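**Student:** mind looking at a prediction? Sequence and model below.
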Amino acid sequence: NPASFGDLSGSNGWVWYITHLVADAKFITIFSILFGAGVALMADRALARGRSAAALHYRRMFWLLLFGLVHAYLLWYGDILVTYAICGICIYPLHRLRNRWLIPLALFLLLIPSLLMSGLAATVPFWPAEEVAAFRADGFPDEVEIERQLQIYRGGWLDQIEHRASNAIFFQTFLLLILHFWRVSGLMLLGMVFLRWGLLQAQRGLWFYLVMV
């Protein structure tokens, strides 16, 4: 929570809002689009050389998943490689669809997290009071919880394993199903479309890019 170490008034608030608007989640967006374009590009090149594009792709996803799991549980639970591998496995059969199918499918996938979040929010008034308090405590930690997490990160690598593993599991289950799988998969499909349009290769005119912006 951005207010954990102070308030969001004055310049603090402006810095946070501008950063949230122009930077937050932008790298995952860019990399997901490029990942999707890369899937389509490598598949086309493999087929042109007479190789099995599917075998090459799924072998790459296996190694990506393995690296992601090692990264998540041994270094940092906020790993994105596991998500890329899972989404890459699922969207690969779609890369041959025409753009007229890929575009609405991609937009639908991008819409799903908003629908899920809205549905979840609508259930909050029916939660037991203790559940609401626990949920709020995650977003607005008190000084005791902040100090506990600081002590974890100031401790040794072995001391952090339990904390890292529990958060990695949360990222790879609940957060994946309610947010990341749909968003990343939709962006990957858009990346395939953008590659076909010549958008990523700077083959379009200036006005085309201005209209997109």
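**Tutor:** Now that the structure is in, tell me what you want to look at. Residues are numbered from 1 along each chain as shown.

**Student:** from Q149, how far out is I161?
**Tutor:** To Q149, I161 is 15 Å away according to C-beta to C-beta, to the nearest Å. The C-beta positions use only the backbone N, C-alpha and C, and glycine is treated the same way.

**Student:** ok now the helix or strand bottoming out on mean pLDDT in the chain, how far from the chain's centre?
**Tutor:** Ranking every helix and strand in the chain by mean pLDDT, DSSP states H and E puts helix 129-139 at the bottom, with a mean of 85. Computed by C-alpha atoms, centre = their mean, to the nearest Å, the chain-centroid distance of helix 129-139 equals 25 Å.

**Student:** which phi and psi values does the spatially most central residue of the chain adopt?
**Tutor:** Centroid check for the chain by C-alpha atoms, centre = their mean gives H180 as the closest residue, at 4.3 Å. Main-chain torsions, H180, degrees, to the nearest 10: phi -70, psi -40.

**Student:** once you drop chain neighbours, what's closest to it?
**Tutor:** T83 (4.9 Å; C-beta to C-beta, 6 or more residues apart in numbering).

**Student:** three-state assignment of the residue located most distally from the centre of the chain?
**Tutor:** Most distant from the centre of the chain: G50, at 33.2 Å, with distances by C-alpha atoms, centre = their mean. Of the three states, G50 takes coil under DSSP: H, G, I helix; E, B strand; the rest coil.

**Student:** give the contact list for it.
**Tutor:** Counting by C-beta atoms under 8 Å, 6 or more residues apart in numbering, G50 touches no other residue.

**Student:** re the thing from before, you'd agree the residue nearest to H180 is up against W182?
**Tutor:** No: judged on C-beta atoms under 8 Å, T83 makes no contact with W182 at a distance of 10.8 Å.

**Student:** how close does the residue farthest from the centre of the chain sit to L56?
**Tutor:** From G50 across to L56, the span is 12 Å (C-beta to C-beta).

**Student:** what segments of the chain are strands?
**Tutor:** Taking DSSP state E as the criterion, the chain contains no strands.

**Student:** just the helices in it please.
**Tutor:** Along the chain, the stretches classed as helices by DSSP state H are 10-22, 26-48, 53-74, 81-91, 99-123, 129-139, 143-154, 157-170, 181-197, 206-212.
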